[in-house]
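Enquirer: coordinates for the following, if possible.
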Amino acid sequence: MKEAQGITDEQLCGFLGKHNRKPLDMQLLAFWGRHPAGRFTRDVICYALDCSVRDADRALEGFVEAGLIDRQMDGRKVLYCLSGDEDTRRLVERTARIASD
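Expert: Numbering: from 1, shown residues only. Here you go, the predicted model:
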């Protein structure tokens, strides 16, 4: 059982099996792993990932429901940010490293 930053291979595989069902999911996980402190509008995320609003809405909503990202209001803007849960953050950041290799 290999472990990197407190994450076992089994934990990472389980996480990816649960949250990496569509190509956009992996892109979104990698995006949040590269920008763990960021807060972004849906339009910025669509631009960064070159995806449709419809696809982004589905992926973002699924990640919000799963507790991977949080949805926040800033005045009239809806912003998305990575969950504050440390285990989730470590798994997402590890996923980003894998995606960039």
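Enquirer: where does Gly27 fall, secondary structure wise?
Expert: Quick fix: residue 27 reads Gln, not Gly. Per DSSP states H and E, Gln27 falls inside helix 23-34.
Enquirer: quick one, phi/psi of Gly84?
Expert: Dihedral angles of Gly84 (phi, psi; degrees, to the nearest 10) stand at phi -80, psi -10.
Enquirer: per-residue confidence at it?
Expert: Per-residue pLDDT puts Gly84 at 91.
Enquirer: ok, now Arg90?
Expert: We have a pLDDT of 86 for Arg90.
Enquirer: Arg97 versus that one, what's the distance?
Expert: 11 Å (CB to CB, to the nearest Å). All C-beta atoms are positioned from the backbone trio N, CA, C, and that covers glycine.
Enquirer: run through the strands of the protein in chain order.
Expert: For the chain, the strands defined by DSSP state E cover 3-4, 7-8, 39-40, 69-74, 77-82.
Enquirer: which stretch among these comes nearest Phe63?
Expert: Smallest distance to Phe63 across the strands of the chain (CB to CB): 4.6 Å, for strand 69-74.
Enquirer: so what's the residue nearest to Val64 when sequence neighbours are not counted up against?
Expert: Nearest non-adjacent residue to Val64, counting by CB to CB, 6 or more residues apart in numbering: Arg71, 5.3 Å away. Contacts for Arg71 were tallied using CB atoms under 8 Å, 6 or more residues apart in numbering; they are 60, 64, 78-80.
Enquirer: now the two most distant members of those.
Expert: Val64 and Leu79 (11.8 Å).
Enquirer: surely Lys77 and Asp43 touch.
Expert: No. Between Lys77 and Asp43 there is no contact under CB atoms under 8 Å: 9.7 Å.
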